[in-house]
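**Q** I need the structure of the sequence given here:
(2 chains, ligands or ions: 3)
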Amino acid sequence: MAPVWLHRYAVLLACCTLFLVVAGALVTSHEAGLSVPDWPLSYGKLMPEMEGGIFYEHGHRMIATTVGFLTIILAVWLWRAEPRPWLKKLGWAALGAVIFQGLLGGMTVIFMLPKPVSVSHACLAQLFFSTIVAISWFTSAAWRRGGTLVEDQGAPGLRSLAVAASGSLFLQLALGAATRHKAFGVTPHVLGAVLATGMVLWLIVRILLRHGNHQGLVRPALALLAITFSQVFLGVAAYMSRLATADAPQPMPVMIGFTVVHVAVGALTLATSVIVAIQVFRFVQPEPAVSGARVPVAS
Amino acid sequence: MRTPSILSTGLCALALVLTGCGGGETKTEEGRSKAAPASAATLRIDPATAATVTGKVTFTGEKPVRRPISMDSTPACARAHTEPVLSEEAIVNDNGTLRNAFVWVKSGLPDGTWEVPREMVTIDQVGCIYVPHVVGVQTNQEVQFLNSDPTNHNIHPLPRANREWNESQPPKGEPKIKTFPKQEIMIPIKCNVHPWMRVYVGVVDHPFFAVTGEDGSFTLKGLPPGQYTVQAWHEKYGTQEIQVTVAAQESKTADFDFKG
Ligand code: HEM
Ligand code: HEM
Ligand SMILES: [Cu+2]
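**A** Ligands and ions are numbered 1, 2, ... in the order given. Reported below is the predicted structural model:
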């Protein structure tokens, strides 16, 4: 089959994964993680009564199972049809991640939400989403078209800045997960937001200033700017909605809405920063200068 | 207050993973054997000397508003109620007293193990509400959980001293009989299907505890003469302590006052 279908399939899987992240976040915000005490079955069945928290917990499991199967297909497809060996490997890595993620999910249930497991489950979900987004990007026509190489100017190097931005975003979402699963308070996450936003801005400003006419860099950089901006706003909203509903007798819709969207847009933030980093590594050459050369097709 | 430190949770999870045990077992019999070793004295209430401490738990301040609960997520729960359901977190009675305060003798009793009552304590799930909302049991006394609802519940205690467990109970399912082998004030128990559902269980090593009801009063009967620390606990307003000394067959009052 034409590579365009592989790409479309990967994009479909990325969308399903984002939906799965939303479904997972709904479980946490509804405090429904333990509404189904057994695993892998639910209430001893494949399909329990979908009411109350069970709707979220069992629904999350069903979507996760679907995404798991879709990932198997993606890995096999890449293995059969993809010429680039490293991309085949990335497909298997994604499959490994989703299987491990499923096991972590099962462990959260069986061991009754130990914080390290819940936090790891939240973090790996984000990494998995970024991996699928990256695979979608690597299989795209835009990727195959390539672009011009540019020379890096300035210290620290743009590649280091890109790694630092993605790294601090990952740290930031790990701190967010720790906040959300009450491993510790919100303060480290708020300080982390300053660091992560700072790194992201540094990276973006550098790209815009030095490589402002390179669309392959500018477009994802602007997307990252917009998403990070929204994410900070959503973070503040999530925090305020938690405070405002702290003494409510049950999880309230405002809180659920803001926290879930903050988790989902968190996944988008990380994934976009990963795309920016991929682009930087592809097009920005550290010294010695090779400016003007073109990236070979489909490398 | 109800969550242990990250470290201990982590180590605990690790230990569970390494030993491959602990999670899924369904043990209803655990800890049912009477805790008293044969040699230790078994203490019983002595009617000849039995003293009494009675009192009221009053509330001063602005009366808390009982917040409405939405049961829309489970129609079977919503259908069980004709009137709006209100949160039981803080209820001030008409006479200005506080309902659902747990009052118990915190210290001062002689050493030894108190006889465990044979009667079971019942926690029912009715209309997706735990009845009662606060309850006391003696360590190792049997507690039966009933499900009178046409819907599934999961029962999930969040203890610090006792063992944590999480089990489902189908509509009108078999009663679940459990014991709590360690003293603990209080164990919150949650249902995650219906996140508004919460009951607090006070587990005490002896029989001297009570929960305030609609008149806000309590009685601790059958105390041996002595000097005691009596504690009142409330879900929202925390704890308070009073020292009381009683002679044989004496009756004393100890009134608590919580501020809103
Ligand atoms: C395989 C792919 C899966 C992905 C990508 C995924 C993703 C997620 C995400 C993003 C969350 C929300 C975390 C948060 O809000 O902090 C979550 C929560 C949760 N997931 Fe998954 N999940 C997967 C599989 C599973 C499976 C198979 C189970 C099996 C039981 C499971 C059980 C749970 C539970 C119980 C929670 C709530 C955790 C808590 O409240 O602490 N997950 N998941
Ligand atoms: C670049 C900035 C930010 C990123 C990437 C980010 C990311 C995240 C993520 C991914 C989570 C959920 C983790 C999980 O469990 O899966 C989270 C949780 C949270 N974040 Fe942020 N965040 C950012 C900024 C902020 C800011 C500025 C605040 C402001 C106070 C904030 C407040 C929170 C709160 C309160 C939670 C926990 C939500 C809950 O209680 O359920 N975040 N953050
Ligand atoms: Cu329930």
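**Q** For the rest of this, base every contact and every neighbour count on C-alpha atoms.
**A** Fine.
**Q** what residue ranges in the chain score low on pLDDT?
**A** Just going to use chain A. A:1, A:287-299 (pLDDT under 70).
**Q** To clarify, I was referring to chain B.
**A** For chain B (pLDDT under 70), the answer is B:1-40.
**Q** same thing but 80
**A** B:1-41 (pLDDT under 80).
**Q** center of it, which residue is that?
**A** B:V201 (1.7 Å; C-alpha atoms, centre = their mean).
**Q** Beta-bridge partners for that residue, please?
**A** B:V135, B:I187 (DSSP bridges).
**Q** Now do the contacts for it.
**A** By C-alpha atoms under 8 Å, 6 or more residues apart in numbering or on different chains, the contact set of B:V201 is B:V134, B:V135, B:G136, B:V137, B:I185, B:M186, B:I187, B:P188, B:I189.
**Q** Let's see that with 6 Å instead.
**A** By C-alpha atoms under 6 Å, 6 or more residues apart in numbering or on different chains, the residues touching B:V201 are B:V134, B:V135, B:G136, B:M186, B:I187.
**Q** Now render the residues you listed as TSV, adding distance to ligand 3.
**A** Formatted as TSV, these follow (distance: C-alpha to the ion, whole Å):
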residue	distance to ligand 3
B:V134	16
B:V135	18
B:G136	21
B:M186	20
B:I187	17
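**Q** ok, and what's touching stretch B:104-117?
**A** B:41-44, B:141, B:206, B:208-209, B:227-231.
**Q** Can you give me the end-to-end span of that stretch?
**A** With C-alpha to C-alpha, to the nearest Å applied, stretch B:104-117 spans 17 Å between its terminal residues.
**Q** in it, what's buried?
**A** Applying a neighbour-count criterion of 16 or more other C-alpha atoms under 10 Å in any protein chain shown, one finds B:W104, B:V105, B:K106, B:G108, B:L109, B:T113, B:W114, B:E115, B:V116 buried in stretch B:104-117.
**Q** again with stretch A:234-250
**A** Buried residues in stretch A:234-250 (16+ other C-alpha under 10 Å): A:L234, A:G235, A:A237, A:A238, A:S241, A:R242, A:A248, A:P249, A:Q250.
**Q** Is that stretch in proximity to ligand 3?
**A** No: Stretch A:234-250 does not reach ligand 3 (C-alpha under 5 Å from the ion); its nearest approach is 12.4 Å.
**Q** Would you mind listing what in the stretch 51-200 of chain A touches ligand 2?
**A** Residues of the stretch 51-200 of chain A lying close to ligand 2 (C-alpha under 6 Å from any ligand atom) are A:A122, A:L169, A:Q172, A:L173, A:G176, A:A177, A:T179, A:R180, A:V190, A:A193, A:A196, A:T197.
**Q** Can you tell me which of the buried residues of stretch A:234-250 end up in helices?
**A** A:L234, A:G235, A:A237, A:A238, A:S241, A:R242 (DSSP state H).
**Q** Name the residue of the stretch 101-250 of chain A that lies nearest to chain B.
**A** A:Q250 (4.8 Å; C-alpha to the nearest C-alpha).
**Q** Now that residue: closest residue in space that isn't a chain neighbour?
**A** Closest residue to A:Q250 apart from its sequence neighbours, by C-alpha to C-alpha, 6 or more residues apart in numbering or on different chains: B:W196 at 4.8 Å.
**Q** how close does the one you found get to ligand 3?
**A** 8 Å (C-alpha to the ion, to the nearest Å).
**Q** give me the element B:N140 is part of.
**A** B:N140 is part of no helix or strand, with elements assigned from DSSP states H and E.
**Q** near ligand 1, which residues of chain A?
**A** Counting by C-alpha under 6 Å from any ligand atom, the residues of chain A near ligand 1 are A:20-21, A:24-25, A:27-28, A:31, A:33, A:61, A:64, A:68, A:98, A:101-102, A:105-106, A:108-109, A:113, A:118, A:122, A:125, A:177, A:180-181.
**Q** okay, now the domains of chain A?
**A** Taking automatic domain parsing as the reference, chain A has its domains at A:1-145, A:146-299.
**Q** closest to B:A51 out of these?
**A** Shortest distance between B:A51 and the domains of chain A, using C-alpha to C-alpha, is found for domain A:146-299: 39.6 Å.
**Q** which of the residues of the stretch 51-200 of chain A next to ligand 2 sit farthest apart?
**A** Using C-alpha to C-alpha, these reach their maximum pairwise distance at A:A122 and A:T197, which is 20.6 Å.
**Q** Of the two, which one has the most company?
**A** A:A122 (26 against 20; other C-alpha atoms under 10 Å in any protein chain shown).
**Q** in a helix, that's where the more buried one is, yeah?
**A** Yes: counting by DSSP: H, G, I helix; E, B strand; the rest coil, A:A122 is found in a helix.
**Q** neighbours around the closest residue to it other than its chain neighbours, how many?
**A** Distances taken as C-alpha to C-alpha, 6+ apart place A:A177 nearest to A:A122, at 6.3 Å, with adjacent residues excluded. The tally of other residues near A:A177 (other C-alpha under 10 Å) stands at 23.
**Q** Verify the contact between A:A177 and A:S120 for me.
**A** No: the criterion here is C-alpha atoms under 6 Å, and A:A177 misses it with A:S120 at 8.4 Å.
**Q** now the helices for chain B?
**A** With DSSP H as the criterion, chain B has helices spanning B:6-19, B:75-78.
**Q** Could I get the full set of helices for chain A?
**A** Counting by DSSP H, the helices of chain A are A:3-29, A:52-81, A:85-110, A:115-138, A:141-145, A:158-180, A:187-210, A:215-244, A:253-283.
**Q** can you give me the end-to-end distance of stretch B:127-141?
**A** Stretch B:127-141 end-to-end distance (C-alpha to C-alpha) = 26 Å.
**Q** Touching stretch A:214-231 from outside, list them.
**A** A:I204, A:T269, A:T272, A:V276.
**Q** Quick one: residues contacting the last one.
**A** Going back to what we said before, that points to A:V276. Per C-alpha under 6 Å, 6+ apart, neighbours of A:V276: A:P220.
**Q** Distance check, it against B:I129.
**A** Separation of A:V276 from B:I129 (C-alpha to C-alpha): 51 Å.
**Q** go on, the first one?
**A** Here the criterion is C-alpha to C-alpha. By it, A:I204 lies 53 Å from B:I129.
**Q** For ligand 2, give me its nearest residue in chain B.
**A** B:P195 (15.1 Å; C-alpha to the nearest ligand atom).
**Q** who touches that residue in this structure?
**A** Counted by C-alpha under 6 Å, 6+ apart, B:P195 has contacts A:Q250.
**Q** Next, it: phi, psi?
**A** Note on B:P195: its backbone torsions stand at phi -60, psi -10 [degrees, to the nearest 10].
**Q** if we can go back for a sec, list just the nearest of the residues of the stretch 51-200 of chain A next to ligand 2 to B:I91.
**A** A:R180 (29.7 Å).
**Q** Test my guess that B:N140 contacts B:Q183.
**A** No: here B:N140 does not reach B:Q183: they are 9.3 Å apart, not a contact under C-alpha under 6 Å.
**Q** Between those two, tell me which one has more neighbours.
**A** Set side by side, B:N140 and B:Q183 show more neighbours around B:N140, with 24 against 18, by other C-alpha under 10 Å.
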